[in-house]
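**Student:** Need coordinates for the following:
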Amino acid sequence: MGILGWIVLGLLAGAVAKILLPGRDPGGLIGTTLIGIAGAFVGGWISARWLDHPINKDFYDGPTWLAAIGGAFVLLVIYRLLFGNSRSTTR
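**Tutor:** Reported below is the predicted structural model:
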């Protein structure tokens, strides 16, 4: 799976992570999308490096998807913890 496949996987993983963790994000849609892409890369790297599950070349590999969604979820939680209160909520 090439870099374009990882980007598409990251976009979808970011959407799933957003569904699992609803609410307002400090970065909005663009920030969440970028976090999803980064989460896919981080999750895949962690899976290959420390969980002894090399990333499959197939786009439809279940553990690859779980790693990408898990990475996006973790990065989204960290992002909310660091920057969650930076957005003004006044109306």
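**Student:** For the chain, which segments count as helices?
**Tutor:** In the chain, the helices defined using DSSP state H lie at 3-20, 28-49, 62-83.
**Student:** The last one to helix 28-49, inter-axis angle?
**Tutor:** To tie it back to what came earlier, the one meant is helix 62-83. Orientation of helix 62-83 against helix 28-49 (axes from the mean of the first three to the mean of the last three C-alpha atoms, to 10 degrees) gives an angle of 130 degrees.
**Student:** just how off-centre is helix 62-83 within its chain?
**Tutor:** Offset of helix 62-83 from its chain centre (C-alpha atoms, centre = their mean, to the nearest Å): 4 Å.
**Student:** Send me that helix as CSV with only the CA atoms.
**Tutor:** C-alpha atoms of helix 62-83 as CSV (Å, rounded to 0.1, in the frame of the first residue of the first chain):
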residue,chain,number,x,y,z
GLY,A,62,-8.4,-5.6,9.4
PRO,A,63,-5.5,-5.2,11.8
THR,A,64,-4.1,-2.4,9.6
TRP,A,65,-7.5,-0.6,9.9
LEU,A,66,-7.6,-1.1,13.6
ALA,A,67,-4.1,0.3,14.0
ALA,A,68,-5.0,3.3,11.9
ILE,A,69,-8.2,4.0,13.8
GLY,A,70,-6.5,3.5,17.1
GLY,A,71,-3.7,5.9,16.2
ALA,A,72,-6.2,8.5,15.0
PHE,A,73,-8.3,8.0,18.2
VAL,A,74,-5.2,8.5,20.4
LEU,A,75,-4.0,11.5,18.6
LEU,A,76,-7.5,13.0,18.7
VAL,A,77,-7.7,12.5,22.4
ILE,A,78,-4.2,14.1,22.9
TYR,A,79,-5.1,17.0,20.6
ARG,A,80,-8.3,17.7,22.6
LEU,A,81,-6.4,17.5,25.9
LEU,A,82,-3.7,19.9,24.7
PHE,A,83,-5.8,22.4,22.7
